[in-house]
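[1] No sequence on hand, only this structure:
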């Protein structure tokens with residue numbers, strides 16, 4: 001018995017030992033950590049998403065046999081100029097193997113890669129400069145003081161509504177939490193304290209006193225604020241939310257909403273007015289217009305029986321969006337996902353009386369929909385005409401379901417369409433703006449693919465996040481570089497709550513709230529706001545951002561890929577200017593992770609345009625034949641771009657690059673699948689990642705051509721220049737296509 005046990009015990013040890021050896025040999029040894037560090041005055045980057053650490057000092061995990069590409073970016077600025085001195089791998093000097101500030105190594109063991117830099121001499125002659133930089137960079141003057149939005153005052157500002165006051169010559173911008181600013185140029189903003197009186201003795205309080213207007217006092221009293229029930233943070237004041245302003249004749253009508261509690265469906269929209277906007281703002285002096293519409297947030301049942309709080313209605317009286325139709329009739333959209341627990345929410349349309357700003361009696365638009373529950377004694381309302389419905393899945397809460405809020409409608413007489421702009425997603429993470437259009441003010445509003453925004457199905461095919469043309473969402477231009485710093489993790493997130501107006505000169509602009517996206521561990525941002533920026537947008541305050549929008553030849557609005565700085569989006573860009581390296585973002589519409597979660601951020605990819613060919617990262621990975629790629633001029637203002645199987649009609653222009661504080665060529669476009677694409681041209685002569693297009697073209701050349709160009713590469717590697725490599729790539733592409 002003992003011998004059998006001993007034999008079994010020994011066999012078990014051998015088995016586990018064999019398994020352990022197999023694990024060590026075939027599993028544990030299939031990947032290795034790689035330590036990468038560059039010393040001061042330069043940065044190393046790797047085209048991978050699993051890096052961690054600070055600056056260029058980080059570890060990555062690579063599978064055995066994998067080829068790793070290291071991109072070397074010396075610091076080369078106006079005041080500092082450095083070159084690569086030495087690159088070592090496990091202590092071995094491999095500097096001579098560096099081509100075009102790129103080094104490739106096959107991973108077969110644990111690696112330690114170090115880069116050293118030495119001070120060099122900045123080019124002094126025009127010929128030397130041409131070797132290092134492009135000579136066709138765009139020229140644009142940036143009039144704003146801030147590299148982001150023109151003024152620090154515009155930080156911590158949400159739900160903007162802008163109007164131009166002819167008397168004072170200012171643009172006034174109203175926002176949530178009783179905040180108001182003004183500007184002469186839409187770039188530099190100054191605070192004007194609050195637009196409604198704050199409670200006495202509370203300096204800087206962003207709330208308004210509920211006693212300011214009789215209509216507000218009456219509503220608040222009916223909802224129990226004076227009997228100890230909560231009305232936001234206080235029992236005698238509340239913060240006005242999501243205001244919207246419009247001028248009818250000589251009167252300004254300002255609409256705002258109040259919620260009994262944060263995200264409560266027990267809410268109301270009010271109207272106040274003035275004939276002197278500057279005076280009203282400076283003196284908190286407005287005339288009460290009255291209650292426009294209210295919602296109790298739940299079904300009270302019949303005969304005022306006990307409220308049934310297990311059911312929450314869809315129509316929520318928040319986020320007013322006021323506009324005139326083509327005949328001068330006044331309308332208002334409203335609605336949001338505000339509500340407790342699980343709630344659908346919707347965007348509804350009602351008609352207003354242009355004389356007093358309140359609901360228009362007997363309007364057909366106002367008689368649609370279901371009854372809105374209100375407290376006892378208040379007027380009964382209908383929800384109005386449904387124009388957009390998210391249809392949150394019952395099993396998901398408001399942070400996961402399909403959310404819709406903050407709508408705005410404008411009419412463009414040149415196209416003959418009404419455009420419905422809505423915000424999807426969660427304010428802290430994945431806010432994004434979509435657009436649909438209709439020939440009728442009451443809808444139906446349909447997107448690029450003909451999908452009705454007010455129809456919803458819980459199936460993946462008809463999920464709301466597949467609807468609406470993406471106008472703007474979270475993004476970052478991951479390849480942005482000025483040769484000294486690569487802004488690989490700086491971008492915008494949580495873009496939402498749009499307000500669209502037409503300004504002098506016929507330009508359309510969109511005010512919105514957004515947040516800075518910043519990956520703090522990379523420690524690559526040196527601006528004054530660095531202390532406020534963290535890994536996710538939820539940790540940053542929303543700020544006012546102005547974007548220019550324009551309508552393409554098919555009558556669809558597109559947002560310019562950079563913030564507005566006073567330029568015009570309508571420019572003719574020559575084909576020769578399109579050649580070069582681009583940083584491209586596709587603004588996704590579909591959900592990520594699950595069918596009902598919108599993406600937080602679209603990350604860019606490199607794109608190289610060479611005459612009639614556009615080479616993307618996907619083309620290189622799939623080894624697509626050059627003959628199958630396409631780039632061509634469509635008309636005076638647009639080009640057709642084939643990107644990853646989708647044909648985009650793109651419209652280039654010149655704008656200010658807020659990431660790098662320099663002018664840039666950019667483009668916006670729509671694909672034949674209804675997705676939106678943005679592009680930004682990269683001028684850095686040190687972006688090694690773009691040399692991949694060269695090697696891609698070289699791989700498709702014949703043996704004789706490869707030998708010739710390998711020799712040429714060796715000749716220029718001592719003095720690398722992206723301009724030189726671009727010229728060789730252009731020649732290679734032409735030779736391959738001629739074959």
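    Everything's here; your move. Only a predicted model underlies this, so the values are computations on that prediction, with no experimental measurement involved.
[2] can you count the residues close to residue 575?
    Neighbour count for residue 575, taken as other CB atoms under 10 Å: 13. The way it works is simple: take the backbone N, C-alpha and C, and place the C-beta from them, glycine included.
[3] Show the backbone phi and psi for it.
    With angles defined as degrees, to the nearest 10, residue 575 sits at phi -60, psi -40.
[4] Pull the number of nearby residues for the closest residue to it other than its chain neighbours.
    Sequence neighbours aside, residue 633 is the residue nearest to residue 575 in space, at 5.8 Å (criterion: CB to CB, 6 or more residues apart in numbering). Here the count is done by other CB under 10 Å, and residue 633 has 13 residues near it.
[5] just residue 279 next, same as before
    As a burial measure, residue 279 scores 12 neighbours (other CB under 10 Å).
[6] quick one: it from residue 189, how far?
    Distance, residue 279 to residue 189, by CB to CB, to the nearest Å: 20 Å.
[7] so who does the residue nearest to residue 575 touch?
    Shown in contact with residue 633 (CB atoms under 8 Å, 6 or more residues apart in numbering): 575, 639-640.
[8] hmm, try it at 10 Å
    By CB atoms under 10 Å, 6 or more residues apart in numbering, the contact set of residue 633 is 574-575, 578, 612, 639-640.
[9] Mind checking which of those residues are buried?
    578, 639-640 (16 or more other CB atoms under 10 Å).
[10] so which of these comes closest to residue 175?
    For the buried ones among the contacts of residue 633, the minimum distance to residue 175 (CB to CB) is 37.9 Å, reached by residue 639.
[11] what pairs with the closest one across the strands?
    residue 633, residue 650 (DSSP bridges).
[12] can I assume it is in contact with residue 582?
    No: with contact defined as CB atoms under 10 Å, residue 639 does not reach residue 582; the gap is 11.7 Å.
[13] circling back: where's the residue nearest to residue 575 relative to residue 180, distance?
    Distance from residue 633 to residue 180, by CB to CB: 46 Å.
[14] Based on its surroundings, how many neighbours for residue 192?
    Other residues within reach of residue 192, judged by other CB under 10 Å, total 18.
[15] Apart from its chain neighbours, what residue comes closest to it?
    Setting aside the residues directly before and after it, residue 192 is nearest to residue 180 in space (CB to CB, 6+ apart), at 4.9 Å.
[16] what's near enough to touch that neighbour?
    Counting by CB under 10 Å, 6+ apart, residue 180 touches 157, 161, 172-174, 191-196, 243, 245, 254, 281-282.
[17] among those residues, which ones are buried?
    The neighbour-count test (16+ other CB under 10 Å) marks 157, 161, 172-174, 192, 194-196, 243, 245, 254, 281 as buried among these.
[18] Quick check: residue 545 vs residue 196, distance?
    Distance from residue 545 to residue 196, counting by CB to CB: 24 Å.
[19] Okay, and the residue nearest to residue 192 sits in which element?
    strand 179-183 (DSSP states H and E).
[20] Partner strands of that strand and their direction?
    The strands beside strand 179-183 in its sheet (DSSP bridges) come out as strand 170-175 (antiparallel), strand 190-191 (antiparallel).
[21] Now tabulate those in CSV and tack on mean pLDDT.
    Converted to CSV, those look like this (pLDDT from 0 to 100):
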stretch, mean pLDDT
strand 170-175, 96
strand 190-191, 87
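[22] Which among the ones you listed is found nearest to residue 362?
    Nearest of the strands paired with strand 179-183 (CB to CB): strand 170-175, 30.8 Å.
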